[in-house]
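1. Output the structure for:
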Amino acid sequence: MNILLFDDPSVRQQLYPLSLTRSIADFRVGILTLREKWSYVSGGLPVHICTEPYLQALYPLPGKPDDFTVIASHLLPDEDFWHAVDRLAPGEGLFTPGGDLIAFREKDITPVDICSRLHAAAYADTLKHIAYSQRLHALHSLTDVFTYNGREIQRDWQLLFGSASKNMQQGEWIKSTVIGKHPVYAGPHARVLASIINTEAGPVFIDEGVEIMEGTTIRGPVAICRNAVIKMGTRIYGATTIGPSCTIGGEVKNAVIFGYSNKAHEGYLGDSVVGEWCNLGANTNSSNIKNNAGTVRIWNQAVQAYVPAGKKCGVLMGDFSRCGIGTMLNTGTVIGVSCNIFGGDFPPKHIPSFSWGGADRWMQYDLQKALQDADAWMQLKQQSLSEVQRQIFSHLYHHHLSGLPVQSKVS
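-> You can find the predicted model right below:
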């Protein structure tokens, strides 16, 4: 038996711009990505991914026919839902009360054939309908990533450690203090130096190879993933996830940073989602609440308009985008892939992919220059831009450009 996670195209549009460069299954919410969560929930079944054709090369599929349980990738797994999915017979599908297909079972078929039929929307009418009416948690908007992050840190802790409630501290733990009833995990080769960890509101997960420098203060629930560096004097409030190999400083609250990104200096980041290979220059600050405490409105790519996003939302930043020193980001700013933002004053609230400039002057990033700069940033962490990533860049550049930033009168 295998699991095949499939991206619903309509949901992918709602998760712009982070969905431009990855499957929804690779979104990190809590400690784990959605793909990793399904592996744990299912007891270690192989997990494959069916996504947009231009991204599929990131997720090679096996070529042999087999049995597959197919699940919508934007769903956050829980045991009740998994039990319902696991009971499906071949040819049966789970549907929401609104008629949306969320899971089904097939046998003796290749995942390529399943993907082809999913892209052609040819499945729903061929399956035996089984209603699933229990509550589902799912990603329908990027703001759901930080909204559900605290809950998912707690649930991922249960997946990883069960009911363990004692501190599990490996690596170096030097003159650091733990306050609170929830546990702390520090993995092999982690270093926690002269810092304060407060677990009154939730656990703190410190992965293998993490370095937490002196004077850091952390309030859970917080997840700090493999090989991240937390610089001296950093303040991290829950519910926050710092992805692998990030470098973080300043103040961070209720934010998810997917991985390999830097916010290394002073500045505030709150109620935000930041992709991979991003850089927020020194003293970059993102507003997360309006001065009148009104509803924040964010750009929605699907409807090409600004839509309500609740009382708090900071920045939603796509992969490979960067802000210069002293950048000020307005409440609910949405930044596409491979943007370079600098200069004084507030830039527009929606900055399309491959935009280069500041508040008063913008130009389109040259593709070859964008590729060169992306590769240079990856080399800072001993990696390089793969040929598949270059092809994705090229596809986005030629098919997903949507003009230059325009100042709007969003209230």
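
2. So which elements touch the strand or helix carrying Ile114?
-> Secondary structure assignment for Ile114, by DSSP states H and E: helix 111-119. Counting contacts by 3 or more CB pairs under 8 Å, 6 or more residues apart in numbering; DSSP states H and E, the secondary-structure elements packed against helix 111-119 are strand 2-6, strand 47-50, strand 66-72. (Each C-beta comes from the backbone N, C-alpha and C, glycine too.)

3. For it, give the mean pLDDT please.
-> For helix 111-119, the per-residue pLDDT values average out at 90.

4. I'd like to check what contacts it. Which residues are they?
-> Here helix 111-119 makes contact (CB atoms under 8 Å, 6 or more residues apart in numbering) with 2, 4, 6, 48, 50, 53, 56, 61-63, 66, 68, 70, 106, 123.

5. can you list contacts of the helix or strand of the chain with the lowest mean pLDDT?
-> Taking mean pLDDT, DSSP states H and E as the measure, strand 168-169 is the helix or strand of the chain with the lowest mean score, a mean of 80. The contact list for strand 168-169, computed with CB under 8 Å, 6+ apart, reads 161, 183-186, 192.

6. could the residues you listed be laid out in CSV, adding neighbour count and pLDDT?
-> As requested, the contacts of strand 168-169 are arranged in CSV below (neighbours: other CB atoms under 10 Å; pLDDT from 0 to 100):
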residue, neighbour count, pLDDT
Phe161, 15, 92
Pro183, 20, 94
Val184, 22, 95
Tyr185, 21, 95
Ala186, 25, 95
Val192, 27, 97
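
7. Just the ones in helices from those residues, please.
-> Secondary-structure check on these using DSSP state H: residues within helices are Phe161.

8. circling back to that earlier point, okay, now the sheet partners of the least confident helix or strand of the chain, with direction.
-> Next to strand 168-169 in the sheet, as set by DSSP bridges, lie strand 184-186 (parallel).

9. Run through who's touching the strand it pairs with.
-> The set of residues external to strand 184-186 that reach it, using CB under 8 Å, 6+ apart, is 157, 160-161, 167-171, 173, 178, 192, 197, 199, 203-206, 210.

10. can you rerun that using 7 Å?
-> Outside of strand 184-186, the residues within contact range by CB atoms under 7 Å, 6 or more residues apart in numbering are 161, 167-171, 173, 178, 192, 197, 199, 203-206.

11. ok, the closest residue to Pro203 other than its chain neighbours - contacts?
-> For Pro203, the nearest residue in space outside its immediate sequence neighbours is His182; the separation is 4.4 Å by CB to CB, 6 or more residues apart in numbering. For His182, the contacting residues are 199, 202-203, 220, taking CB under 7 Å, 6+ apart as the criterion.

12. could I get those as CSV with distance to Val315?
-> Written out in CSV, the entries for the contacts of His182 read as follows (distance: CB to CB, whole Å):
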residue, distance to Val315
Thr199, 28
Gly202, 24
Pro203, 26
Gly220, 23
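
13. Does Arg226 touch Gly209 like I think?
-> Yes - in this structure, Arg226 is within contact of Gly209 by CB atoms under 7 Å, at 5.5 Å.

14. before we move on, the earlier item: let me have the helices and strands packed on helix 111-119 in JSON lines, adding distance to Ile289 and mean pLDDT as columns.
-> Formatted as JSON lines, those follow (distance: least, CB to CB, whole Å; pLDDT from 0 to 100):
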{"stretch": "strand 2-6", "distance to Ile289": "34", "mean pLDDT": "97"}
{"stretch": "strand 47-50", "distance to Ile289": "36", "mean pLDDT": "98"}
{"stretch": "strand 66-72", "distance to Ile289": "32", "mean pLDDT": "96"}
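
15. Out of these, which gets nearest to Met378?
-> With distances scored as CB to CB, the stretch of those nearest to Met378 is strand 47-50 (22.1 Å).

16. The closest one: which residues count as buried?
-> For strand 47-50, the buried set under the neighbour-count rule, 16 or more other CB atoms under 10 Å, comprises 47-50.

17. so which of these would you say is closest to Ala282?
-> Comparing these against Ala282 with CB to CB picks out Ile49 as the nearest, at 36.9 Å.

18. Quick check: closest non-adjacent residue to the closest one.
-> Of all residues apart from its sequence neighbours, Tyr59 sits closest to Ile49 (CB to CB, 6+ apart), at 4.0 Å.

19. So the one you found versus Ser338, what's the distance?
-> Taking CB to CB, to the nearest Å as the measure, Tyr59 and Ser338 are separated by 21 Å.

20. Looking at these two, which one has more neighbours?
-> Looking at Tyr59 and Ser338 with other CB atoms under 10 Å, you find the greater number of neighbours at Ser338, namely 27 against 19.

21. Just to be sure, that one is in a strand?
-> No - counting by DSSP: H, G, I helix; E, B strand; the rest coil, Ser338 falls outside a strand, being coil.

22. I'd like to check which residues are in contact with it.
-> Counting by CB under 7 Å, 6+ apart, Ser338 has contacts 320-321, 353-354, 365, 370, 374.

23. Mark which of these are buried, thanks.
-> Among those, those that count as buried by neighbour count (16+ other CB under 10 Å) are 320-321, 353-354, 365, 370, 374.

24. Make JSON lines out of the residues you listed and add pLDDT and distance to His400.
-> Compiled in JSON lines, the buried ones among the contacts of Ser338 are given as follows (pLDDT from 0 to 100; distance: CB to CB, whole Å):
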{"residue": "Phe320", "pLDDT": "98", "distance to His400": "14"}
{"residue": "Ser321", "pLDDT": "98", "distance to His400": "14"}
{"residue": "Ser353", "pLDDT": "96", "distance to His400": "6"}
{"residue": "Phe354", "pLDDT": "96", "distance to His400": "9"}
{"residue": "Tyr365", "pLDDT": "92", "distance to His400": "13"}
{"residue": "Ala370", "pLDDT": "96", "distance to His400": "13"}
{"residue": "Ala374", "pLDDT": "97", "distance to His400": "16"}
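
25. Looking at the residues you listed, which are in strands?
-> For the buried ones among the contacts of Ser338, membership in strands holds for none, with DSSP state E as the criterion.

26. List just the nearest of the residues you listed to Gly310.
-> Closest approach between the buried ones among the contacts of Ser338 and Gly310, by CB to CB: Ser321, at 22.9 Å.
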